[in-house]
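> what shape does this take:
(2 chains)
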There are 2 protein chains.
Amino acid sequence: MSRIFNFSAGPSMLPVSVLEKAASEMLDYNNSGMSVMEMSHRSKVYDKIIKDTERKLREVMGIPDNYKVLFLQGGATLQFSMIPMNLMTKNRKADYIVSGSFSGKAYKEAQKYGEAHLAATSKADNFSHIPTQEELNLSPDADYLHICENNTIFGTTYNYLPETNGVPIVSDMSSCILSKPVDVEKYGVIYAGAQKNMGPAGLTVVIIREDLVGEPLDKTPVMMRFDEMVANDSMYNTPPTYAIYILGLVLDWVESMGGLTGMEAHNTKKAALLYDYLDQSKLFKTNVVKENRSLMNVTFMTGNEELDAKFVKESAERGFSNLKGHRSVGGMRASIYNAMPMEGVEALVAFMKEFEEKNA
Amino acid sequence: MSRIFNFSAGPSMLPVSVLEKAASEMLDYNNSGMSVMEMSHRSKVYDKIIKDTERKLREVMGIPDNYKVLFLQGGATLQFSMIPMNLMTKNRKADYIVSGSFSGKAYKEAQKYGEAHLAATSKADNFSHIPTQEELNLSPDADYLHICENNTIFGTTYNYLPETNGVPIVSDMSSCILSKPVDVEKYGVIYAGAQKNMGPAGLTVVIIREDLVGEPLDKTPVMMRFDEMVANDSMYNTPPTYAIYILGLVLDWVESMGGLTGMEAHNTKKAALLYDYLDQSKLFKTNVVKENRSLMNVTFMTGNEELDAKFVKESAERGFSNLKGHRSVGGMRASIYNAMPMEGVEALVAFMKEFEEKNA
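Numbering: from 1, shown residues only, chains lettered A, B, ... in the order given. Predicted coordinates:
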């Protein structure tokens, strides 16, 4: 079988050039006589890989010098605990905007460690919009405001960054990092699981403003202390070395695509094709309000569960993988992360048109 | 350059057949049209990979049905916290044998969560032996006894399993798992970072007796709760999918080598070659007592720091990688994990003989 169009919400497609390079270097990386998987994380050859990866990430995202970059494990979910354990330490209070499933989990987890305050939620409309600035009930003494910037399940994304009057914003960017330019200075912490736009599952990237790396709560496990991770350059123990290497290859590809400006153009074009079709379709629709439509995850449905199931089944037979929507939304979801080529979205839209004609 | 003999303490050599298979499947796993790295962890094709990997591990190690197998993240170091947070919950007390660096870290971390009691330590002789049963000061009411079964840095290993009168033994097997047969029923918990004998860094395998999966301490992060990990079959969030796949390939190779009985024969032969040479050498020696010599990590030295440095330098020039000993022991260390072929040890011993003749 040849490569298929994989619309998985994550782990998800990687650029073919990245996979080809990884395959070609599997038995012998750069004349080292070994695979990257086999290298001591303390060796010179691996030291260059991790440092180059950090440098490339700093360049691509424009990360200022007063921010630390960490390569950790445990996914965004471990950050749901790690963030409050390390940052909810001054006033023991933090604001949370719940705009979907993962921000809800983050909010729940934070309640273990201090006063987690619900600044706003869009639960009432099943998370089909992002709470606006006017809807926010912010605490002036919060240690931070936590947001999930792109909601993978519901297909929504922020079209603004909350005004917090100096309270640091902590953003879970798992499903939108590297998809478009970002002004890192507007954030206190950015974190993301790698398995959507960065590489294999098992790597979490954390970008944290230096002054926020403080003393954590008592009894914080050593692997969950930002101060220890910073002091040891992400090598308190063995980091996920191979996933970091793949991230480096992905960053090379992002640069070759014109950096984050190029990625945004690429992603906007892909998403527009789908949303434009949905907006004029008489069969398919999306529930997401226009101003919060995600560039990465496009949710849609016919409004008829049987027809949705038929679409999912027939699309899979035609080689479109993972188009079934999450059970909490129903319908369909096309995740079109960075590595999804334009041809994948074109082929999907062509198939949707065909399906609409047959089922009019 | 061709493949070299890599004596790294971890991450370390993987079987060539595993790397070749991984490279060949990088763009298209088993006609799925995608890399294992790109697969949704909830997909049917990946579900078969993780279930097959667990089944193979159970077969190879002979894991009884009343033990759960978990695929986690964070390395052994996260287990240093996770074990007490989940198991030091009845009498809030546990025994620790400190036989090296990592067991010392585990002991220190446990002190955050309850009464960690030092049952014995071999610090006085710089960890050149494993405390014997007679040296142990065990607590009858301990929730468990923690040991590190093979000490990577010092090159020592247990030649017995402590008699605890029913107190469960928790064993860190990071640097000896899969190296020889093990009677799982004698343990409460076995855990290991994957990056020595199992696969890439970033995967931690935990084998836990069902009745020990209880209610953790208050405020335990959700990702560190064994009960949640068990209830969700290691998929509370996205597991390190690619590393699990590589472990599956490694297990195929272990089976092809005759399972753990075959691995033990292979490893014993390799280690004997080195130790026999060291025992008769007039230049090199090892400080480890005979009955605790590790099959996996062989520490040795000349007793002359300059000569040691010369050996490390010249060995590297001859293509033997990572032979420098850990700073806390000095001298040299040859880590000869499962995937190190006999030829690698033969070539090393030949080089040592040559070096001895020249520097007599």
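> all helices for the stretch 51-200 of chain A, in order.
Per DSSP state H, counting those that start in this stretch, the stretch 51-200 of chain A carries helices over the ranges A:75-87, A:101-110.
> the shortest one - what's its average pLDDT?
Helix A:101-110 shows a mean pLDDT of 98.
> kindly report the same for the longest one.
Confidence for helix A:75-87, expressed as mean pLDDT, is 98.
> for chain B, what are the nearby residues on the stretch 201-350 of chain A?
The interface of the stretch 201-350 of chain A toward chain B, taken as Cβ under 8 Å from any Cβ of the partner chain, is made up of A:201-203, A:218-219, A:221-224, A:236-243, A:246, A:319, A:321-322. (Each C-beta comes from the backbone N, C-alpha and C, glycine too.)
> restricted to strands, list those.
Using DSSP state E, the subset of those located in strands is residue A:321.
> which of the residues of the stretch 201-350 of chain A next to chain B count as buried?
Using 16 or more other Cβ atoms under 10 Å in any protein chain shown as the burial test, those include A:201-203, A:221-224, A:236-243, A:246, A:321-322 as buried.
> next step: those residues restricted to helices.
A:241, A:242, A:243, A:246 (DSSP state H).
> wait, doesn't the first one sit right on residue B:199?
The reference is to residue A:241. No. Checked against Cβ atoms under 8 Å, the pair residue A:241 and residue B:199 is beyond contact range at 11.4 Å.
> can you list residues touching both of these two?
Shared contacts of residue A:241 and residue B:199, defined by Cβ atoms under 8 Å, 6 or more residues apart in numbering or on different chains, are found at residue A:37.
> quick one: name whatever helix or strand follows the worst-scoring helix or strand of chain A on mean pLDDT.
One helix or strand of chain A scores below all others by mean pLDDT, DSSP states H and E: strand A:320-321, with a mean of 93. For strand A:320-321, the following helix or strand on the C-terminal side (DSSP states H and E) is strand A:332-335.
> what segments of the stretch 201-350 of chain A are helices?
Under the criterion DSSP H, counting those that start in this stretch, the stretch 201-350 of chain A contains helices at A:226-231, A:241-256, A:259-280, A:305-317, A:342-358.
> low-confidence ranges, the stretch 1-150 of chain A, go.
Applying pLDDT under 70 to the stretch 1-150 of chain A picks out residues A:1.
> which residues of it fall in strands?
With DSSP state E, counting those that start in this stretch as the criterion, the stretch 1-150 of chain A has strands at A:5-6, A:67-72, A:93-98, A:115-121, A:145-148, A:150-151.
> compare the ones you listed and give me the one nearest chain B.
Proximity to chain B (Cβ to the nearest Cβ) singles out strand A:5-6 among the strands of the stretch 1-150 of chain A, at 5.2 Å.
> strand partners (parallel or antiparallel) of that closest one?
Under the criterion DSSP bridges, strand A:5-6 sits next to strand A:320-321 (parallel) in its sheet.
> show me how far the partner strand is from its chain's centre.
21 Å (Cα atoms, centre = their mean, to the nearest Å).
> same question, stretch A:247-257
16 Å.
> what's the neighbour count on residue A:31?
Residue A:31 has 9 neighbours, counted by other Cβ atoms under 10 Å in any protein chain shown.
> actually residue A:14, sorry about that
By other Cβ under 10 Å, 28 other residues sit near residue A:14.
> and it, what does it touch?
By Cβ under 8 Å, 6+ apart, the residues touching residue A:14 are A:199, A:246, A:250, A:339, B:35, B:37, B:38.
> ok, the residue nearest to residue A:17 when sequence neighbours are not counted to residue A:21 distance?
Spatial nearest neighbour of residue A:17, excluding adjacent residues (Cβ to Cβ, 6 or more residues apart in numbering or on different chains): residue A:253 at 5.7 Å. Using Cβ to Cβ, to the nearest Å, residue A:253 is found at 9 Å from residue A:21.
> residue A:175 reaches residue A:295, doesn't it?
No. Residue A:175 is not in contact with residue A:295 according to Cβ under 8 Å; the separation is 9.9 Å.
> so the two - more neighbours on which side?
The residue with more neighbours, out of residue A:175 and residue A:295, is residue A:175; 30 against 25, by other Cβ under 10 Å.
> output stretch A:126-133 as CSV, restricted to C-alpha atoms.
The C-alpha trace of stretch A:126-133 is given here as CSV (Å, rounded to 0.1, in the frame of the first residue of the first chain):
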residue,chain,number,x,y,z
ASN,A,126,-21.0,22.3,24.0
PHE,A,127,-17.8,24.3,23.5
SER,A,128,-18.7,25.5,20.0
HIS,A,129,-17.2,28.9,20.8
ILE,A,130,-14.3,30.3,22.8
PRO,A,131,-15.3,32.6,25.7
THR,A,132,-14.8,36.2,24.7
GLN,A,133,-12.9,38.8,26.8
